[in-house]
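>>> Provided below are the primary sequence and the corresponding predicted coordinates.
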Amino acid sequence: MCGANLAFVRGDSSASSASLLFSYCCFLCVLSSSVSVAQNFPWNLGFTNMPNIKLQSSDGEVFDVDVEIAKASVTIKTMLEDLGMDDDEDEVVPLPNVNSAILKKVIHWATYHKDDPPPPEDDENKEKRTDDISSWDADFLKVDQGTLFELILTA
């Protein structure tokens, strides 16, 4: 399914606005692939003050981010799990494959969507929609193909 997205990223002449919508859907699917991430946002747990975590980009910039917002990225969530880090640790989490520009965009996207309802359970038989993208998200994804590819990889 994401092979078509890679054709768009490579710049094939058949790429169109439909490809952009498909790319966005891939980006969203990766960011929200774990329902537990959405279910763990503060409104579901009753927390008012979530712990923060420090994320270090490949170019050395450190970002202080709400843990649950950071975990919206499967890449970051996996890194935390691989390092065996708890939410209350004050260590810096290195992200050697993510530069600061991309990390800023992913954090911006996750922060904007932090109050969104959890995604519905996947139904393999239900047709996926690509025409219900908000104008904010469409503007967010108006980036060059290389940036879009990095966003998808980081998500």
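Good, I have the coordinates.

>>> shaky segments in this structure?
1-50, 86-89, 122-123, 128-130 (pLDDT under 70).

>>> 80 instead, please
Applying pLDDT under 80 to the chain picks out residues 1-50, 85-90, 118-132.

>>> And stretch 93-100, what's buried?
Buried positions in stretch 93-100, judged by neighbour count with 16 or more other CB atoms under 10 Å: Val93, Pro94, Leu95, Val98, Asn99, Ser100. (Each C-beta comes from the backbone N, C-alpha and C, glycine too.)

>>> I figured the fifth one hits Gly60, correct?
No - using CB atoms under 8 Å, Asn99 and Gly60 do not qualify as a contacting pair, with a distance of 9.9 Å.

>>> Packing partners of the helix or strand hosting Trp109?
Per DSSP states H and E: Trp109 is located in helix 100-112. Counting contacts by 3 or more CB pairs under 8 Å, 6 or more residues apart in numbering; DSSP states H and E, helix 100-112 is packed against helix 17-31, strand 62-66, helix 67-70, helix 135-140, helix 145-154.

>>> All set now, cheers.
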